[in-house]
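[1] Predicted model follows, preceded by the sequence.
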Amino acid sequence: MPGGRLTQQERQQIALGVADGLAYAEIARRLDRPTSTITREVMRNGGPTAYRADLAHRATERRAHRRRQAAPRGPQEPSRAHGRDPEAVREYEETFTTLLMASGLPKMMSRVLTCLYTTDAGSVTASELVQRLQVSPASVSKAITFLESQGLVRREQDERRRERYMVDDDVWYQSMIASARTNAQLAETARQGVGVLGPDTPVAARLENIARFLDFIGESVTRAAEQAREILHTKPETTSGGPATPGSDRG
C-alpha cells in the first residue's frame with residue numbers, strides 16, 4: 001500500500017469519487033490507500049459537498065509550509081514524550097479530529113478535544129492550547145465553552161490558580177447521560193405538538209412516533225451507560241494471551 005502524501009492526481013480522483021457518491025472505502029480501495037486517509041482528506045478540506053482537488057492540494061502545501069516554519073514543540077508534548085514518532089502522532093491527531101468532525105463536532109471543538117485526549121496529563125491550560133494549536137485565545141475560549149456545555153470537558157484551577165481544562169474517565173459517561181436528557185426533552189416537545197396540532201391527525205401520529213422512538217433511545221442509552229460505567233474505571237490487564245477485556249471474568 002503506498003504511503004506518503006496524496007498527489008494532486010489522487011486528489012482529483014477523490015473529487016471525482018465524491019462527486020459520484022462513492023463511499024470513502026471504495027475511493028480508498030481504488031487508490032490503494034487507507035480509508036482513514038480519504039476520510040481525513042475530504043473532511044479537512046470542505047467536506048463531501050465542497051471538496052475541490054486544487055484547493056485541497058494548495059491547502060496541504062500551506063499546512064506543510066506552516067509546520068516547517070513553526071517552532072519545535074517542547075519535550076513533554078505527545079510527539080516527543082515516550083519516544084513517540086512526531087509525524088505518526090500528527091497523523092493520528094488529524095485522523096481523530098476528522099472522525100470527531102464527521103460525528104458532528106465543529107472543527108475547532110474537534111481539534112481542542114483531540115488535544116485533550118492525546119495529552120498524557122488529560123488537562124491543559126488556555127495558553128497551552130493556544131500555543132499547541134496556533135489559534136487565538138478567543139477561538140479556544142469559544143471551543144471550551146461549547147465542549148463544556150456538551151459535558152465533554154470540565155474546568156478546574158491548579159495550584160497556581162490557573163484555569164485548566166480536563167477530560168477524565170467520567171467524561172464519556174456524562175456525555176451519554178446529557179444526550180439521554182436531550183432526547184427526553186425532544187420527546188416531551190414532540191408530545192406537546194400533538195396537543196397543539198390536534199390529536200387523531202397525521203402530524204400527531206408522526207410526532208407521537210417520534211416521541212416514543214426518542215423515549216426508547218434515551219432509556220436505552222441511560223441503561224447502557226450505567227451498566228458500562230465501570231469500564232471507564234477499569235485498568236486494562238494483560239495476560240499471556242494478550243490484553244484482557246474489562247469485565248470478561250464476569251460469568
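    Happy to help now that I have it. Numbering: from 1, shown residues only.

[2] Roughly how far does Ala102 sit from Phe96?
    The spacing between Ala102 and Phe96, counted by Cβ to Cβ, to the nearest Å, is 11 Å. Every C-beta, even on glycine, is put in place using the N, C-alpha and C of the backbone.

[3] who does the strand or helix carrying Leu147 touch, helix- and strand-wise?
    Taking DSSP states H and E as the criterion, Leu147 maps to helix 137-149. Counting by 3 or more Cβ pairs under 8 Å, 6 or more residues apart in numbering; DSSP states H and E, the packing neighbours recorded for helix 137-149 are helix 107-117, helix 126-133, strand 154-157.

[4] Next, the contact list for Glu188, please.
    Going by Cβ atoms under 8 Å, 6 or more residues apart in numbering, Glu188 touches Ala211.

[5] mind checking which helix or strand it is in?
    Using DSSP H and E, Glu188 falls in helix 171-197.

[6] just so I have it, where are all the strands in the stretch 1-150 of the chain?
    Taking DSSP state E, counting those that start in this stretch, the strands of the stretch 1-150 of the chain run over residues 123-125.

[7] in stretch 17-24, what's buried?
    Gly17, Val18, Leu22, Tyr24 (16 or more other Cβ atoms under 10 Å).

[8] Would you mind measuring from the last one to Ala102?
    With the distance defined as Cβ to Cβ, Tyr24 ends up 10 Å from Ala102.

[9] Mind listing the shared neighbours of these two?
    Taking Cβ under 8 Å, 6+ apart as the contact rule, Tyr24 and Ala102 both touch Thr39.

[10] can you list the buried residues of stretch 17-24 in CSV and add pLDDT and distance to Ala205?
    As requested, the buried residues of stretch 17-24 are exported to CSV (pLDDT from 0 to 100; distance: Cβ to Cβ, whole Å):
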residue, pLDDT, distance to Ala205
Gly17, 92, 41
Val18, 91, 38
Leu22, 90, 37
Tyr24, 90, 37
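
[11] quick one: which of these sit in helices?
    Among the buried residues of stretch 17-24, the members found in helices (DSSP state H) are Gly17, Val18, Tyr24.

[12] ok, the second one touching Gly46?
    No - counting by Cβ atoms under 8 Å, Val18 stays clear of Gly46, with 9.9 Å between them.

[13] Identify whichever of the helices and strands packed on helix 137-149 lies nearest to Lys142.
    Ranking the helices and strands packed on helix 137-149 by their distance to Lys142 (criterion: Cβ to Cβ) puts helix 107-117 first, at 7.2 Å.

[14] what helices or strands is the closest one leaning on?
    helix 86-102, strand 123-125, helix 126-133, helix 137-149, strand 163-166.

[15] could you redo the last one with a cut-off of 6 Å?
    helix 86-102, helix 137-149 (3 or more Cβ pairs under 6 Å, 6 or more residues apart in numbering; DSSP states H and E).

[16] Alright, calling it a day.
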